[in-house]
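Q: Here is a sequence with its predicted model. Questions after.
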Amino acid sequence: MPRRLYPVEQRQTTDWEGHFIPKAMIDHLFPTCVVRVVIQDDETKAGEAIYFEITKVKDGTFWGTARDTYRSNTIGLQNPITLKEGDQFTWRREHINEIPLNTWHPWQPKRYIKLVRGLEGDIQDKGCMTGVRGT
């Protein structure tokens, strides 16, 4: 079944709590980092924001493995886009919807957190977004 990325139509990427974070944080991502990407199915028009563990980064393109974290099918709903945990997917930097940074969700490598520690404070308290993003 065909799938396509639904481009993020917002000015900012957010952290796990919905706080705006600088786009410069994307420049520091590397394999093993975790991001959230909104994906839409061309056939059904269903969409879902899925967490991926990055496996490769090259020239603004990211490859990653789908994670089952907070997926709608984990609470008994049908998976609308048929992308399963462990499936590989490719996206561009502009499709990154969220970079989880919350300390009680230790998904990010410690090395990444150290690289971006100063950047997060630049914009953290200047805005917040909750609910559906990327539409």
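A: Thanks, I have it. Numbering: from 1, shown residues only.

Q: So which bits of the longest strand seen in the chain are buried?
A: For the chain, the longest strand by residue count, based on DSSP state E, is strand 47-58. Across strand 47-58, burial judged by 16 or more other Cβ atoms under 10 Å covers 47-54, 57. Backbone N, C-alpha and C define where each C-beta goes, glycine included.

Q: Give the next helix or strand downstream of it.
A: Heading C-terminal from strand 47-58, the first helix or strand you meet, by DSSP states H and E, is strand 61-66.

Q: packing partners for that following strand?
A: With contacts taken as 3 or more Cβ pairs under 8 Å, 6 or more residues apart in numbering; DSSP states H and E, strand 61-66 sits against strand 34-41, strand 47-58, strand 88-92.

Q: thinking again about what came up before, if it's not too much trouble, I'd like the buried residues of strand 47-58 exported to CSV so that pLDDT and distance to residue 63 sit alongside each entry.
A: Listed next are the buried residues of strand 47-58 as CSV, based on pLDDT from 0 to 100; distance: Cβ to Cβ, whole Å:
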residue, pLDDT, distance to residue 63
47, 77, 20
48, 83, 19
49, 85, 18
50, 88, 14
51, 92, 14
52, 94, 9
53, 95, 10
54, 97, 7
57, 97, 8
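
Q: closest to residue 19 among those?
A: The shortest approach to residue 19 among the buried residues of strand 47-58 belongs to residue 49, at 16.2 Å (Cβ to Cβ).

Q: Run through the bridge partners of that closest one.
A: residue 38 (DSSP bridges).

Q: No more questions from me, cheers.
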